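*Asks:* Show me the folded form of this:
(2 chains)
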Amino acid sequence: MQLSSSSWYCNGVKNSTESLMARFIELGATQGTGRVILCSGDWTAANARQLEHDIASLPLSPAERSQSSIDISALRRLDTAGAWVLTQLQRDGAGQATDFIGASPKHAALLSRINTYEPKALPPRHSLNPLLVPFSALGRIIVGIAQDIVAVNATLGHILVALAQTLTLRSPLRLASFVHQFEQIILRAIPIVALISLVVGAIITQQTILQLRNFGAAILIVDLAAILMFREIGVLLAAIMVAGRSGSAITAEIGSMRIREEFDALRVIGVDPYQALLLPRIAALIVGLPLLAFVGSMAGLLGAIIVGQAYGGIPMDTFVLRLRDAMSFTSVAVGLLKAPFMGFLIGLLASVEGMKVQGSSESLGRRTTTSVVKSIFVVIVADGVFAIFFAAIRF
Amino acid sequence: MMDQGAPSIMTVVDLKVGFGNTTVIDGLNFELREGEILGLIGPSGSGKSVSLRAIVGLLPTRGGDVSFAGQNYSGLSSSEQIVVRRDWGMLFQQGALFSSLNVVENIEFPMREHLDLSPRLRRELARMKLDLVGLPPEAAYSYPSQLLGGMIKRAALARALALDPKILFLDEPTAGLDPIGAGKFDELIVTLSDTLGLSVLMVTHDLDSLQTACDHIVALSGGKLLKAGTLSDMRAATDPWLREYFHGPRAHNPEG
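*Replies:* So this is what the prediction gives:
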């Protein structure tokens, strides 16, 4: 029904307006002091737009309107939308107490219920002076950053306390949980981290070979690969991958546990949720990310070997021979030293965002997004800081 | 209340629903008549909610027919099904309000999707529905997460009424409400059913709802129809579960 009514509305408004006019409202004879408005047809939501239009185009002056009475004896169907429009029409006649003429008992009951509803003006929603919007936004950002710093430190404190209690054996070591998280966060990420590092390693090497070949120094890609893969690419790709993969998962898990009061349940039972839920995850990240970084570095190196052979014509044994000289323990150590910090940062930010979830599923989604964006950002910034630091100490 | 012998608006014939190897509903028959409030009861796990979800098409059925006003729903084309569906309103147990929209936007949502209304009229209708379900106008701009349990149910009911349905499906409407709130909600359902001419199918556990609101009761057990009839029929039943349900310590029996 509604489908067809909206289609006539689109197709033939112009030519059918006249005939449609007659469908709902007609002006009857003068009765007593004013005209009678005859209503007929289906006064339903599907026809509401036409009804509004018909009422607005009634050829009556406001004074005549207030004198008119409404006959609804020919009305077929009436729903709340139609009843609302009808009562509005009746209220046009201000101060007039006449009932609808010829209302069936059903229609009368509905109309009298709708008539009890007095639309009240809502208190205006307070809106800000547009000139102040940028300042208010800036203020919110600054306050948000301040609150973030507090929240991060609070969570950090909780986690360190939980860690201390576990290390001093005052709280149980949740080995099962740790192993489970280690599998979820680290072991299951190995294939994708290895694959991505292999491809990125191959791409970087290919581009470098194309440049170095001009100087006849293609063999130097071995040095480049040895340093770049182990110092930067392996750990960075692993950290970004884990931030996207597990940072989001941790935030969503913690967040939905908060919504469903599981956090509060743990507290009431007398278990520290930071100790039971967050510590195993963060520990898995700290212990596992170096492993992932190493796997990523090796895969990147493999990519470099493959491309070196394909584009640079460097046979594998030459590559490995050169690698013995180029590779240093320092490069490996730099990568593996950075990884635990990055893992910790990812876990911390994911936990903080998860703790901020409240109420709606929308909030859960927003927090998860924020968690991933923040942890990737922080991981990259931390990598930059480490680069400066290691350069400064000539490591 | 309903007039006896009112025409049937929905008929369920031999409904079968199952998951995997288990059959949850095994041949359920009942009908909902125009203007009547029908209560669907049964022990936990008897398939009340499942049959409700199957009737509204949220679960696939394994057999049987559900017809609305004489039309077999599963035999209709998908566009015809949409037209039939527009005559339904459903109140979910937790309200299922869209959490990213405020209350008045939630109520406007079905109208926006299915009706061609001017924005002003749509907003006014939405606020009128709020009034119909007894919510204060100030609640219009609250978000679902800011509402209390009873208000969520009322707001969700207003959304279910947005398209002026002929049939209202209620899944445990009074669950989680305090007794006063639940009593008021029952009254509201009865008033709405009377003024708007609604037929209501409610799944419930609440004996008070059965007493104050329901004209007829259908009892399920183990996926089958146990008994259908009025409240006094149920009280007179000999089935052990029905006896325990209607004469147990939580049932107040007017006849003593």
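*Asks:* any weak-confidence spans in chain B?
*Replies:* Per-residue confidence of chain B (counting by pLDDT under 70) places the weak regions at B:1-5, B:252-256.
*Asks:* Got the phi and psi for whatever residue of the stretch 201-350 of chain A ends up closest to chain B?
*Replies:* Proximity to chain B, evaluated over the stretch 201-350 of chain A using Cβ to the nearest Cβ, is greatest for residue A:259 at 9.6 Å. For every residue, glycine as well, the C-beta is placed using N, CA and C. Summarising the backbone geometry of residue A:259 under the convention degrees, to the nearest 10, its torsions are phi -60, psi -40.
*Asks:* what's around the residue nearest to it when sequence neighbours are not counted, how many residues?
*Replies:* Across the structure, with Cβ to Cβ, 6 or more residues apart in numbering or on different chains as the measure, the residue nearest residue A:259 apart from its sequence neighbours is residue A:357 (6.4 Å). Residues contacting residue A:357 under the criterion other Cβ atoms under 10 Å in any protein chain shown number 23.
*Asks:* same for the host helix or strand of residue A:136, what does it pack against?
*Replies:* Residue A:136 is part of helix A:133-167, with elements assigned from DSSP states H and E. For helix A:133-167, the helices and strands in contact under the criterion 3 or more Cβ pairs under 8 Å, 6 or more residues apart in numbering or on different chains; DSSP states H and E are helix A:279-311, helix A:329-356.
*Asks:* Determine the angle, from 0 to 180 degrees, between that helix and helix A:279-311.
*Replies:* What separates the directions of helix A:133-167 and helix A:279-311 is an angle of 100 degrees, with axes from the mean of the first three to the mean of the last three Cα atoms, to 10 degrees.
*Asks:* Buried residues of helix A:133-167, list them for me.
*Replies:* Burial within helix A:133-167, assessed by neighbour count using 16 or more other Cβ atoms under 10 Å in any protein chain shown, is assigned to A:148, A:152, A:155, A:158, A:159, A:162, A:163, A:165, A:166.
*Asks:* can you pull the contacts of residue A:313?
*Replies:* Residue A:313 is in contact with residue A:218, counting by Cβ atoms under 8 Å, 6 or more residues apart in numbering or on different chains.
*Asks:* mind giving me the domain split of chain A?
*Replies:* Following automatic domain parsing, one gets these domains for chain A: A:25-115, A:158-392.
*Asks:* and residue B:31, helix, strand or coil?
*Replies:* Classification of residue B:31 into helix, strand or coil gives strand, according to DSSP: H, G, I helix; E, B strand; the rest coil.
*Asks:* From residue A:169, how far off is it?
*Replies:* If you measure residue B:31 against residue A:169 using Cβ to Cβ, to the nearest Å, the figure is 68 Å.
*Asks:* Could you do residue A:326 as well?
*Replies:* According to Cβ to Cβ, residue A:326 stands 45 Å off from residue A:169.
*Asks:* Who are the packing partners of the helix or strand where residue B:11 lies?
*Replies:* Counting by DSSP H and E, the element that carries residue B:11 is strand B:8-19. Here strand B:8-19 touches strand B:22-33, helix B:48-55, strand B:63-68, strand B:199-203, going by 3+ Cβ pairs under 8 Å, 6+ apart.
*Asks:* where does the stretch 101-250 of chain B come near chain A, residue by residue?
*Replies:* B:111, B:114-118, B:121, B:124-125, B:127-129, B:131-132, B:137-138, B:140-141, B:143-145, B:161, B:163-164, B:194-197 (Cβ under 8 Å from any Cβ of the partner chain).
*Asks:* Show me these that map onto strands.
*Replies:* When those are checked against strands (DSSP state E), there are no matches.
*Asks:* From the chain's centroid, how far away is the helix holding residue A:136?
*Replies:* On the basis of Cα atoms, centre = their mean, to the nearest Å, helix A:133-167 sits 20 Å off its chain's mean C-alpha point.
*Asks:* Output the below-cut-off pLDDT ranges for the stretch 51-200 of chain A.
*Replies:* A:92-99, A:122-125.
*Asks:* how about the helices in it?
*Replies:* In the stretch 51-200 of chain A, the segments counted as helices under DSSP state H, counting those that start in this stretch are A:62-67, A:80-92, A:105-115, A:133-167, A:175-185, A:190-212.
*Asks:* Whichever residue of the stretch 51-200 of chain A sits closest to chain B and residue A:211, how far apart?
*Replies:* Using Cβ to the nearest Cβ, the single residue of the stretch 51-200 of chain A nearest to chain B is residue A:79, 3.9 Å away. With the distance defined as Cβ to Cβ, residue A:79 ends up 74 Å from residue A:211.
*Asks:* Mind checking which of the two has more residues around it?
*Replies:* Between residue A:79 and residue A:211, counting by other Cβ under 10 Å, residue A:79 is the more crowded of the two (22 against 11).
*Asks:* so what's that one up against?
*Replies:* A:43, A:44, A:45, B:164, B:196.
*Asks:* Skipping adjacent residues, who's closest to it in space?
*Replies:* The shortest distance from residue A:79 to any residue that is not its chain neighbour, by Cβ to Cβ, 6+ apart, is 3.9 Å, and that residue is residue B:164.
*Asks:* Got phi/psi on the one you found?
*Replies:* Comment: the main-chain dihedrals of residue B:164 come out as phi 50, psi 60, following degrees, to the nearest 10.
*Asks:* hmm, back to that, any chance of CSV for the helices of the stretch 51-200 of chain A, columns distance to residue A:382?
*Replies:* As requested, the helices of the stretch 51-200 of chain A are exported to CSV (distance: least, Cβ to Cβ, whole Å):
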stretch, distance to residue A:382
helix A:62-67, 72
helix A:80-92, 59
helix A:105-115, 63
helix A:133-167, 14
helix A:175-185, 18
helix A:190-212, 18
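*Asks:* Of those helices, which is nearest residue A:263?
*Replies:* Closest to residue A:263 of the helices of the stretch 51-200 of chain A is helix A:133-167 (Cβ to Cβ; 12.0 Å).
*Asks:* Just want the angle from the closest one to helix A:329-356.
*Replies:* Interaxial angle of helix A:133-167 relative to helix A:329-356 (the same axes, to 10 degrees): 110 degrees.
*Asks:* Residue 108 - nearest residue in space that isn't next to it in sequence?
*Replies:* Defaulting to chain A. Using Cβ to Cβ, 6+ apart and skipping residues adjacent in sequence, the residue nearest residue A:108 is residue A:100, 7.3 Å away.
*Asks:* meant chain B actually
*Replies:* Beyond its immediate neighbours in the sequence, the residue positioned closest to residue B:108 (Cβ to Cβ, 6+ apart) is residue B:126, lying 4.7 Å away.
*Asks:* Give me the neighbour count for the one you found.
*Replies:* Applying other Cβ under 10 Å, we find 24 other residues in the vicinity of residue B:126.
*Asks:* List the residues that contact it.
*Replies:* Residue B:126 makes contacts with B:104, B:107, B:108, B:111, B:140, B:158, B:162, as judged by Cβ under 8 Å, 6+ apart.
*Asks:* Now the two most distant members of these.
*Replies:* Taking Cβ to Cβ, the two most distant members of the contacts of residue B:126 are B:111 and B:140; they sit 14.5 Å apart.
*Asks:* Residue B:197: what's it in contact with?
*Replies:* The contact partners of residue B:197, by Cβ under 8 Å, 6+ apart, come to A:106, B:34, B:35, B:166.
*Asks:* repeat that for 10 Å
*Replies:* Neighbour list for residue B:197: A:78, A:79, A:106, A:109, A:110, B:2, B:34, B:35, B:164, B:166 [criterion: Cβ atoms under 10 Å, 6 or more residues apart in numbering or on different chains].
*Asks:* and those, which are buried?
*Replies:* For these, buried by 16+ other Cβ under 10 Å: A:78, A:79, A:110, B:2, B:34, B:35, B:164, B:166.
*Asks:* Can you give me the separation between the third one and residue B:173?
*Replies:* Distance, residue A:110 to residue B:173, by Cβ to Cβ: 22 Å.
*Asks:* ditto for the fifth one
*Replies:* To residue B:173, residue B:34 is 20 Å away according to Cβ to Cβ.
*Asks:* returning to that earlier point: quick one: which of residue B:111 and residue B:140 has more around it?
*Replies:* Of the pair residue B:111 and residue B:140, residue B:111 is the one with more neighbours under other Cβ under 10 Å, namely 23 against 18.
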